[in-house]
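*Asks:* need a structure here:
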Amino acid sequence: MKVTGTCLDIGCGDERSIGNDLFLSRYFSQLICADVNREGLKELKKTLDSYGLDAVYMVTDARSLPIADEALDGVSAFSVIEHLPRQAEFVKEVKRVLKEGSLFILQFPNKRFPIEVHTGIFFPSVIPTRTQKWWARVSYGWTDFELQSLTKRKAITYLKSFAKTYVQSVHFSKDMLPRRMRLLQRILEETRFLQFIPMAYFIVCVK
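*Replies:* Got it, this is the predicted structure:
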């Protein structure tokens with residue numbers, strides 16, 4: 001069922017994230033693609049144009065959206081919230097721009113998963129964030145890397161003001177993972193480990 005309305009995709013990324021916007025376009029009649037990376041938005045626009053998907057593009061901070069109160073029918077954030085400080089403020093800002101009865105679609109890696117999917121660090125739930133950021137800087141050259149991964153319980157506390165919340169476990173496809181992690185993913189699948197500890201969570205909230 002297609003929603004007649006507008007969805008804001010926060011942290012939409014570049015052309016590598018096109019799948020998220022193609023998914024959203026099946027349910028919303030208008031997309032706004034928002035990110036802090038202007039060059040990434042340009043690459044995303046080229047790719048979406050090639051699919052014939054007309055969208056609006058916006059350079060903005062996720063925690064201070066230049067959008068009126070209760071203006072949107074949907075907001076999505078795929079693998080974004082874990083990169084933001086003051087995450088509760090972000091959720092509050094999302095709720096501000098949503099109409100009553102509209103949707104917030106949130107996806108994020110599971111902090112309890114034994115490998116951090118961005119850095120490849122083992123047991124991220126017990127490794128200090130400072131150490132993880134140091135590893136990211138040494139291994140990948142990320143100097144502005146923010147990482148505050150969430151558990152399902154923590155996310156639910158942020159979302160408790162929404163009227164309804166639906167939670168689903170997510171397992172990333174091998175194409176979405178770094179090559180160094182694909183063999184391990186296969187082992188975890190074959191041992192049925194992923195049935196007990198998911199890689200990520202997909203949460204749909206109704207305001």
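*Asks:* those helices in this protein, which residues are they?
*Replies:* Along the chain, counting by DSSP state H, helices occupy 18-25, 38-50, 87-97, 129-140, 152-158, 179-190.
*Asks:* would you turn those helices into JSON lines with distance to residue 119, mean pLDDT and mean neighbour count?
*Replies:* To be clear about C-beta, it is placed using only N, CA and C from the backbone, and glycine gets the same treatment. Converted to JSON lines, these look like this (distance: least, Cβ to Cβ, whole Å; pLDDT from 0 to 100; neighbours: other Cβ atoms under 10 Å):
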{"stretch": "helix 18-25", "distance to residue 119": "22", "mean pLDDT": "90", "mean neighbour count": "18"}
{"stretch": "helix 38-50", "distance to residue 119": "20", "mean pLDDT": "92", "mean neighbour count": "15"}
{"stretch": "helix 87-97", "distance to residue 119": "19", "mean pLDDT": "96", "mean neighbour count": "18"}
{"stretch": "helix 129-140", "distance to residue 119": "5", "mean pLDDT": "76", "mean neighbour count": "14"}
{"stretch": "helix 152-158", "distance to residue 119": "19", "mean pLDDT": "95", "mean neighbour count": "16"}
{"stretch": "helix 179-190", "distance to residue 119": "10", "mean pLDDT": "64", "mean neighbour count": "13"}
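*Asks:* reformat the ones you listed as a markdown table; add distance to residue 75.
*Replies:* Formatted as a markdown table, these follow (distance: least, Cβ to Cβ, whole Å):
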| stretch | distance to residue 75 |
| --- | --- |
| helix 18-25 | 10 |
| helix 38-50 | 17 |
| helix 87-97 | 5 |
| helix 129-140 | 26 |
| helix 152-158 | 14 |
| helix 179-190 | 29 |
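*Asks:* which one of these lies closest to residue 115?
*Replies:* Nearest to residue 115, of all these, is helix 179-190, at 6.4 Å by Cβ to Cβ.
*Asks:* not counting its neighbours along the chain, what's nearest residue 31?
*Replies:* Nearest residue to residue 31, sequence neighbours excluded (Cβ to Cβ, 6 or more residues apart in numbering): residue 55, at 4.2 Å.
*Asks:* and for that neighbour, the neighbour number?
*Replies:* Residues lying near residue 55 (other Cβ atoms under 10 Å) number 20.
*Asks:* residue 122: which of the helices of the chain is closest?
*Replies:* helix 179-190 (9.8 Å).
*Asks:* circling back to that earlier point, of all the helices of the chain, which one is nearest residue 8?
*Replies:* When the helices of the chain are compared by Cβ to Cβ, helix 87-97 sits nearest residue 8, at 7.1 Å.
*Asks:* now do the phi/psi pair for residue 51.
*Replies:* The phi/psi pair for residue 51 (degrees, to the nearest 10) reads phi -90, psi 0.
*Asks:* thinking again about what came up before, for the helices of the chain, which one sits closest to residue 78?
*Replies:* helix 18-25 (4.9 Å).
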